[in-house]
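*Asks:* Dropping a prediction and its sequence here:
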Amino acid sequence: MSKLRVAVLGAKGRIGSEAVRAVEAAEDMELVAALGRGDKLEALADADAQVVVELTTPASVMGNLDFCVRHGMHAVVGTTGWTEDRLAQLTTWLDGSPSTGVLIAPNFSIGAVLTMKFAQLAAPYFESVEVVELHHPNKVDAPSGTATRTAQLIAAARAEAGVGPAPDATATALDGARGADVDGVPVHAVRLRGLLAHQEVLLGAEGETLTIRHDSLHHSSFMPGILLGARRVVSTPGLTFGLEHFLDLN
Ligand SMILES: NC(=O)C1=CN([C@@H]2O[C@H](COP(=O)(O)OP(=O)(O)OC[C@H]3O[C@@H](n4cnc5c(N)ncnc54)[C@H](O)[C@@H]3O)[C@@H](O)[C@H]2O)C=CC1
Ligand SMILES: O=C(O)C1=N[C@H](C(=O)O)C[C@H](O)C1
(Lines give C-alpha, C1' and ligand atoms only; values in the text may rest on other atoms or scores of the structure.)
(Ligands and ions follow the chains in the order given, each with its own letter.)
Protein backbone atom coordinates (compact mmCIF):
# COMPACT_ATOMS: atom_id res chain seq x y z
CA MET A 1 0.00 0.00 0.00
CA SER A 2 1.35 3.45 -0.86
CA LYS A 3 2.15 5.79 2.01
CA LEU A 4 0.22 8.98 2.74
CA ARG A 5 2.28 11.95 1.55
CA VAL A 6 2.25 14.45 4.43
CA ALA A 7 3.79 17.93 4.78
CA VAL A 8 4.11 20.05 7.92
CA LEU A 9 3.83 23.86 7.96
CA GLY A 10 5.34 25.52 11.05
CA ALA A 11 7.85 22.66 11.19
CA LYS A 12 10.27 24.44 13.53
CA GLY A 13 7.63 25.47 16.08
CA ARG A 14 6.82 23.82 19.42
CA ILE A 15 4.04 21.58 18.10
CA GLY A 16 5.24 21.55 14.47
CA SER A 17 8.62 20.01 15.35
CA GLU A 18 6.86 17.28 17.35
CA ALA A 19 4.52 16.69 14.38
CA VAL A 20 7.50 16.27 12.04
CA ARG A 21 8.83 13.50 14.29
CA ALA A 22 5.41 11.84 14.60
CA VAL A 23 4.86 11.78 10.81
CA GLU A 24 8.38 10.43 10.25
CA ALA A 25 7.69 7.67 12.77
CA ALA A 26 4.29 6.69 11.31
CA GLU A 27 4.66 3.57 9.15
CA ASP A 28 1.80 4.54 6.82
CA MET A 29 3.09 8.10 6.18
CA GLU A 30 5.92 9.77 4.34
CA LEU A 31 7.08 13.26 5.37
CA VAL A 32 7.45 14.99 1.98
CA ALA A 33 8.01 18.59 3.18
CA ALA A 34 8.69 20.42 6.43
CA LEU A 35 8.36 24.16 5.94
CA GLY A 36 8.95 27.12 8.23
CA ARG A 37 8.39 30.87 8.04
CA GLY A 38 9.75 32.29 4.77
CA ASP A 39 9.74 28.99 2.87
CA LYS A 40 7.85 29.02 -0.42
CA LEU A 41 4.48 27.25 -0.43
CA GLU A 42 5.21 26.00 -3.97
CA ALA A 43 7.42 23.41 -2.25
CA LEU A 44 4.20 21.69 -1.13
CA ALA A 45 3.08 21.27 -4.73
CA ASP A 46 6.59 20.26 -5.87
CA ALA A 47 6.56 17.56 -3.16
CA ASP A 48 3.10 16.41 -4.29
CA ALA A 49 1.78 16.57 -0.69
CA GLN A 50 -1.62 14.95 -0.15
CA VAL A 51 -2.14 16.30 3.37
CA VAL A 52 -0.71 19.50 4.86
CA VAL A 53 -0.54 19.73 8.65
CA GLU A 54 -0.91 23.45 9.46
CA LEU A 55 0.66 24.49 12.80
CA THR A 56 1.74 28.10 12.33
CA THR A 57 0.13 31.29 13.65
CA PRO A 58 -3.28 32.96 13.39
CA ALA A 59 -1.64 35.55 11.10
CA SER A 60 -0.38 32.93 8.62
CA VAL A 61 -3.03 30.24 8.58
CA MET A 62 -5.51 31.77 6.09
CA GLY A 63 -2.90 32.41 3.38
CA ASN A 64 -1.58 28.89 3.80
CA LEU A 65 -5.04 27.31 3.56
CA ASP A 66 -5.93 29.40 0.53
CA PHE A 67 -2.89 27.89 -1.22
CA CYS A 68 -3.64 24.32 -0.06
CA VAL A 69 -7.30 24.35 -1.09
CA ARG A 70 -6.52 25.93 -4.49
CA HIS A 71 -4.06 23.10 -5.10
CA GLY A 72 -6.46 20.39 -3.93
CA MET A 73 -4.35 19.47 -0.89
CA HIS A 74 -6.20 18.29 2.21
CA ALA A 75 -5.32 20.05 5.46
CA VAL A 76 -5.23 19.23 9.15
CA VAL A 77 -5.22 22.49 11.09
CA GLY A 78 -4.28 23.04 14.74
CA THR A 79 -3.60 26.76 14.49
CA THR A 80 -5.94 28.96 16.51
CA GLY A 81 -7.73 32.23 15.73
CA TRP A 82 -10.92 30.95 14.14
CA THR A 83 -13.80 33.42 13.76
CA GLU A 84 -17.14 33.10 11.97
CA ASP A 85 -15.76 35.28 9.15
CA ARG A 86 -12.67 33.10 8.70
CA LEU A 87 -14.74 29.92 8.67
CA ALA A 88 -17.10 31.43 6.07
CA GLN A 89 -14.12 32.38 3.87
CA LEU A 90 -12.65 28.88 4.13
CA THR A 91 -16.03 27.32 3.30
CA THR A 92 -16.22 29.47 0.15
CA TRP A 93 -12.76 28.27 -0.91
CA LEU A 94 -13.77 24.64 -0.27
CA ASP A 95 -16.97 25.10 -2.32
CA GLY A 96 -14.64 25.79 -5.26
CA SER A 97 -12.69 22.55 -4.61
CA PRO A 98 -15.37 20.01 -3.65
CA SER A 99 -13.12 16.98 -3.21
CA THR A 100 -10.75 18.70 -0.77
CA GLY A 101 -11.06 18.15 2.99
CA VAL A 102 -9.98 20.43 5.85
CA LEU A 103 -10.04 19.41 9.51
CA ILE A 104 -9.74 22.23 12.06
CA ALA A 105 -9.15 20.85 15.55
CA PRO A 106 -9.13 23.35 18.45
CA ASN A 107 -7.35 20.58 20.35
CA PHE A 108 -5.87 17.29 19.12
CA SER A 109 -5.56 15.60 22.51
CA ILE A 110 -8.16 12.98 23.41
CA GLY A 111 -8.43 14.29 26.98
CA ALA A 112 -9.22 17.81 25.80
CA VAL A 113 -11.79 16.55 23.28
CA LEU A 114 -13.47 14.54 26.07
CA THR A 115 -13.32 17.56 28.43
CA MET A 116 -15.31 19.54 25.88
CA LYS A 117 -17.81 16.69 25.52
CA PHE A 118 -18.23 16.21 29.29
CA ALA A 119 -18.62 19.97 29.81
CA GLN A 120 -21.29 20.12 27.13
CA LEU A 121 -23.13 17.24 28.83
CA ALA A 122 -22.90 18.72 32.34
CA ALA A 123 -23.57 22.38 31.53
CA PRO A 124 -27.39 22.35 31.59
CA TYR A 125 -27.48 20.71 35.06
CA PHE A 126 -25.55 23.44 36.93
CA GLU A 127 -26.55 27.06 37.62
CA SER A 128 -22.99 28.35 37.30
CA VAL A 129 -20.20 27.54 34.87
CA GLU A 130 -16.84 29.18 34.19
CA VAL A 131 -13.78 28.09 32.18
CA VAL A 132 -10.16 28.56 33.27
CA GLU A 133 -7.38 27.82 30.78
CA LEU A 134 -3.72 27.78 31.80
CA HIS A 135 -0.83 27.86 29.30
CA HIS A 136 2.88 28.47 28.84
CA PRO A 137 3.79 32.19 28.68
CA ASN A 138 4.93 32.02 25.01
CA LYS A 139 1.37 31.53 23.79
CA VAL A 140 0.34 34.50 21.59
CA ASP A 141 -3.45 34.25 21.81
CA ALA A 142 -5.91 34.40 24.71
CA PRO A 143 -8.20 32.85 25.53
CA SER A 144 -7.05 29.58 23.99
CA GLY A 145 -8.89 28.11 21.01
CA THR A 146 -9.86 25.17 23.19
CA ALA A 147 -11.35 27.37 25.93
CA THR A 148 -13.25 29.44 23.38
CA ARG A 149 -14.70 26.31 21.78
CA THR A 150 -15.51 24.81 25.19
CA ALA A 151 -17.41 27.95 26.21
CA GLN A 152 -19.29 28.02 22.89
CA LEU A 153 -20.35 24.38 23.31
CA ILE A 154 -21.40 25.02 26.93
CA ALA A 155 -23.44 28.08 25.93
CA ALA A 156 -25.16 26.18 23.10
CA ALA A 157 -26.04 23.25 25.40
CA ARG A 158 -27.49 25.62 28.01
CA ALA A 159 -29.46 27.60 25.42
CA GLU A 160 -30.91 24.39 23.97
CA ALA A 161 -31.97 23.25 27.46
CA GLY A 162 -33.49 26.67 28.24
CA VAL A 163 -31.04 27.41 31.09
CA GLY A 164 -30.74 31.14 31.93
CA PRO A 165 -27.61 33.16 32.71
CA ALA A 166 -25.44 32.09 35.68
CA PRO A 167 -25.99 34.09 38.89
CA ASP A 168 -23.46 36.91 39.40
CA ALA A 169 -24.02 39.86 41.72
CA THR A 170 -20.80 41.65 40.70
CA ALA A 171 -21.57 45.36 40.70
CA THR A 172 -18.06 46.79 40.43
CA ALA A 173 -15.00 45.07 38.96
CA LEU A 174 -11.55 45.89 37.68
CA ASP A 175 -11.35 45.39 33.89
CA GLY A 176 -10.80 41.69 33.21
CA ALA A 177 -11.48 40.54 36.77
CA ARG A 178 -14.43 38.44 35.61
CA GLY A 179 -12.59 37.10 32.54
CA ALA A 180 -13.60 37.29 28.89
CA ASP A 181 -17.25 36.80 27.98
CA VAL A 182 -17.61 34.00 25.40
CA ASP A 183 -21.31 33.65 24.58
CA GLY A 184 -22.13 34.52 28.21
CA VAL A 185 -19.59 32.09 29.73
CA PRO A 186 -16.68 33.71 31.67
CA VAL A 187 -13.31 32.46 30.38
CA HIS A 188 -10.13 33.16 32.39
CA ALA A 189 -6.62 32.82 30.90
CA VAL A 190 -3.52 32.14 33.05
CA ARG A 191 0.02 32.34 31.56
CA LEU A 192 2.64 30.67 33.74
CA ARG A 193 6.22 29.46 33.20
CA GLY A 194 6.34 25.70 33.71
CA LEU A 195 2.90 25.01 32.24
CA LEU A 196 2.05 23.60 28.80
CA ALA A 197 -1.73 23.44 28.16
CA HIS A 198 -4.35 22.93 30.85
CA GLN A 199 -8.04 23.64 31.32
CA GLU A 200 -10.63 23.50 34.08
CA VAL A 201 -14.37 23.73 33.62
CA LEU A 202 -15.93 24.75 36.94
CA LEU A 203 -19.61 23.98 37.42
CA GLY A 204 -21.69 24.88 40.48
CA ALA A 205 -25.17 24.17 41.80
CA GLU A 206 -26.80 24.46 45.24
CA GLY A 207 -24.58 22.51 47.67
CA GLU A 208 -22.22 20.96 45.07
CA THR A 209 -19.55 21.70 42.50
CA LEU A 210 -18.06 19.69 39.65
CA THR A 211 -14.60 20.37 38.23
CA ILE A 212 -13.55 18.85 34.91
CA ARG A 213 -9.79 19.24 34.49
CA HIS A 214 -7.44 18.28 31.67
CA ASP A 215 -3.65 18.61 31.49
CA SER A 216 -1.46 18.28 28.41
CA LEU A 217 1.96 17.64 29.93
CA HIS A 218 3.87 17.22 26.64
CA HIS A 219 3.29 18.02 22.98
CA SER A 220 3.19 14.26 22.36
CA SER A 221 -0.40 14.40 23.69
CA PHE A 222 -1.46 16.05 20.42
CA MET A 223 0.20 13.57 18.04
CA PRO A 224 -2.32 10.68 17.87
CA GLY A 225 -5.02 13.25 17.00
CA ILE A 226 -2.91 14.81 14.26
CA LEU A 227 -2.13 11.41 12.70
CA LEU A 228 -5.78 10.33 12.93
CA GLY A 229 -6.79 13.63 11.32
CA ALA A 230 -4.36 13.11 8.43
CA ARG A 231 -5.64 9.57 7.80
CA ARG A 232 -9.31 10.57 7.88
CA VAL A 233 -9.29 13.97 6.17
CA VAL A 234 -8.35 12.50 2.77
CA SER A 235 -11.75 10.79 2.58
CA THR A 236 -13.78 13.57 4.24
CA PRO A 237 -14.35 16.43 1.78
CA GLY A 238 -15.43 19.86 3.02
CA LEU A 239 -14.87 21.45 6.42
CA THR A 240 -14.81 19.37 9.61
CA PHE A 241 -14.59 21.42 12.82
CA GLY A 242 -13.46 19.40 15.84
CA LEU A 243 -11.61 16.09 16.13
CA GLU A 244 -14.67 14.58 17.86
CA HIS A 245 -16.20 14.06 14.40
CA PHE A 246 -13.38 11.62 13.57
CA LEU A 247 -13.74 9.86 16.93
CA ASP A 248 -17.44 9.13 16.42
CA LEU A 249 -18.23 11.06 19.61
CA ASN A 250 -21.17 12.94 18.05
N1 LIG B 1 -4.96 22.19 18.11
C2 LIG B 1 -4.04 21.77 19.00
O3 LIG B 1 -4.17 20.69 19.59
C4 LIG B 1 -2.85 22.63 19.25
C5 LIG B 1 -2.77 23.85 18.66
N6 LIG B 1 -1.70 24.66 18.87
C7 LIG B 1 -1.69 25.90 18.11
O8 LIG B 1 -0.73 25.76 17.06
C9 LIG B 1 -0.18 27.04 16.76
C10 LIG B 1 1.35 26.95 16.88
O11 LIG B 1 1.68 26.78 18.24
P12 LIG B 1 3.21 26.67 18.72
O13 LIG B 1 3.88 25.55 18.00
O14 LIG B 1 3.19 26.66 20.19
O15 LIG B 1 3.80 28.07 18.19
P16 LIG B 1 5.30 28.37 17.72
O17 LIG B 1 5.39 29.85 17.69
O18 LIG B 1 6.26 27.58 18.53
O19 LIG B 1 5.33 27.77 16.23
C20 LIG B 1 4.76 28.38 15.10
C21 LIG B 1 5.77 28.23 13.98
O22 LIG B 1 5.16 28.60 12.75
C23 LIG B 1 6.13 29.32 12.00
N24 LIG B 1 5.43 30.09 10.98
C25 LIG B 1 4.80 31.28 11.09
N26 LIG B 1 4.27 31.64 9.93
C27 LIG B 1 4.56 30.65 9.06
C28 LIG B 1 4.27 30.43 7.69
N29 LIG B 1 3.59 31.36 6.97
N30 LIG B 1 4.71 29.29 7.09
C31 LIG B 1 5.40 28.38 7.80
N32 LIG B 1 5.71 28.53 9.10
C33 LIG B 1 5.29 29.65 9.72
C34 LIG B 1 6.88 30.15 13.03
O35 LIG B 1 8.13 30.61 12.54
C36 LIG B 1 7.02 29.11 14.15
O37 LIG B 1 8.19 28.32 13.98
C38 LIG B 1 -0.84 28.03 17.74
O39 LIG B 1 -1.94 28.64 17.13
C40 LIG B 1 -1.29 27.14 18.88
O41 LIG B 1 -2.34 27.66 19.61
C42 LIG B 1 -0.66 24.29 19.67
C43 LIG B 1 -0.70 23.09 20.33
C44 LIG B 1 -1.82 22.16 20.20
O1 LIG C 1 -0.73 27.31 22.12
C2 LIG C 1 -0.82 26.18 22.66
O3 LIG C 1 0.12 25.68 23.31
C4 LIG C 1 -2.08 25.44 22.53
N5 LIG C 1 -2.99 25.92 21.73
C6 LIG C 1 -4.27 25.36 21.51
C7 LIG C 1 -5.37 26.27 22.02
O8 LIG C 1 -5.24 27.50 21.93
O9 LIG C 1 -6.38 25.76 22.51
C10 LIG C 1 -4.39 23.93 22.00
C11 LIG C 1 -3.68 23.68 23.30
O12 LIG C 1 -4.36 24.34 24.31
C13 LIG C 1 -2.22 24.15 23.22
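*Replies:* Yep, that arrived. Ligands and ions are numbered 1, 2, ... in the order given.
*Asks:* all contacts plus neighbour counts: C-alpha atoms, from now on.
*Replies:* Will do.
*Asks:* and the closest residue in space to residue 233 that isn't next to it in sequence, bridged to which residues?
*Replies:* Leaving aside its chain neighbours, residue 233 sits nearest to residue 101 (5.5 Å; criterion: C-alpha to C-alpha, 6 or more residues apart in numbering). Under DSSP bridges, the beta-bridge partners of residue 101 are residue 238.
*Asks:* Can you tell me the number of residues neighbouring residue 101?
*Replies:* 24 (other C-alpha atoms under 10 Å).
*Asks:* list the contacts for it?
*Replies:* Residues in contact with residue 101, defined by C-alpha atoms under 8 Å, 6 or more residues apart in numbering, are 73-75, 94, 233-240.
*Asks:* which helices and strands does the helix or strand encompassing residue 23 pack with?
*Replies:* Taking DSSP states H and E as the definition, residue 23 sits inside helix 14-25. Counting contacts by 3 or more C-alpha pairs under 8 Å, 6 or more residues apart in numbering; DSSP states H and E, helix 14-25 packs against strand 4-9, strand 29-35, helix 223-233.
*Asks:* Just name the most buried of the ones you listed.
*Replies:* strand 4-9 (a mean of 25; mean count of other C-alpha atoms under 10 Å).
*Asks:* Now do that one: which elements does it pack against?
*Replies:* With contacts taken as 3+ C-alpha pairs under 8 Å, 6+ apart, strand 4-9 sits against helix 14-25, strand 29-35, strand 51-54.
*Asks:* Quickly note the distance from the spatially closest residue to residue 161 that is not a sequence neighbour to ligand 1.
*Replies:* Among residues not flanking residue 161 along the chain, residue 124 sits closest, at 6.2 Å (C-alpha to C-alpha, 6+ apart). Residue 124 is 26 Å from ligand 1, where distance means C-alpha to the nearest ligand atom, to the nearest Å.
*Asks:* Please list all residues in contact with residue 124.
*Replies:* By C-alpha under 8 Å, 6+ apart, the contact list for residue 124 reads 157-158, 161, 163.
*Asks:* Likewise for residue 243?
*Replies:* The contact partners of residue 243, by C-alpha under 8 Å, 6+ apart, come to 103-105, 107-108, 113, 225, 229.
*Asks:* and if we set it to 10 Å?
*Replies:* Applying C-alpha atoms under 10 Å, 6 or more residues apart in numbering, we find residue 243 in contact with 76, 103-110, 113, 225-226, 228-229, 249.
*Asks:* Out of the helices and strands packed on helix 14-25, which gets nearest to ligand 2?
*Replies:* Nearest of the helices and strands packed on helix 14-25 to ligand 2, taken as C-alpha to the nearest ligand atom: helix 223-233 at 11.8 Å.
*Asks:* other SSEs contacting the closest one?
*Replies:* For helix 223-233, the elements it packs on are strand 4-9, helix 14-25, strand 29-35, strand 51-54, strand 74-77, strand 101-104, helix 110-122, judged by 3 or more C-alpha pairs under 10 Å, 6 or more residues apart in numbering; DSSP states H and E.
*Asks:* chain center to whichever helix or strand comes after the fifth one, what's the gap?
*Replies:* This points to strand 74-77. Per DSSP H and E, the first helix or strand lying C-terminal to strand 74-77 is helix 84-95. Distance of helix 84-95 from its chain centroid, counting by C-alpha atoms, centre = their mean, to the nearest Å, is 17 Å.
*Asks:* mean confidence score for helix 84-95?
*Replies:* On average, the pLDDT along helix 84-95 is 98.
*Asks:* got it, and stretch 72-80?
*Replies:* Stretch 72-80 shows a mean pLDDT of 98 in the predicted model.
*Asks:* hang on, the earlier thing: rebuild the helices and strands packed on helix 223-233 as CSV, extending it with distance to residue 211.
*Replies:* Formatted as CSV, the helices and strands packed on helix 223-233 follow (distance: least, C-alpha to C-alpha, whole Å):
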stretch, distance to residue 211
strand 4-9, 36
helix 14-25, 27
strand 29-35, 39
strand 51-54, 32
strand 74-77, 29
strand 101-104, 27
helix 110-122, 9
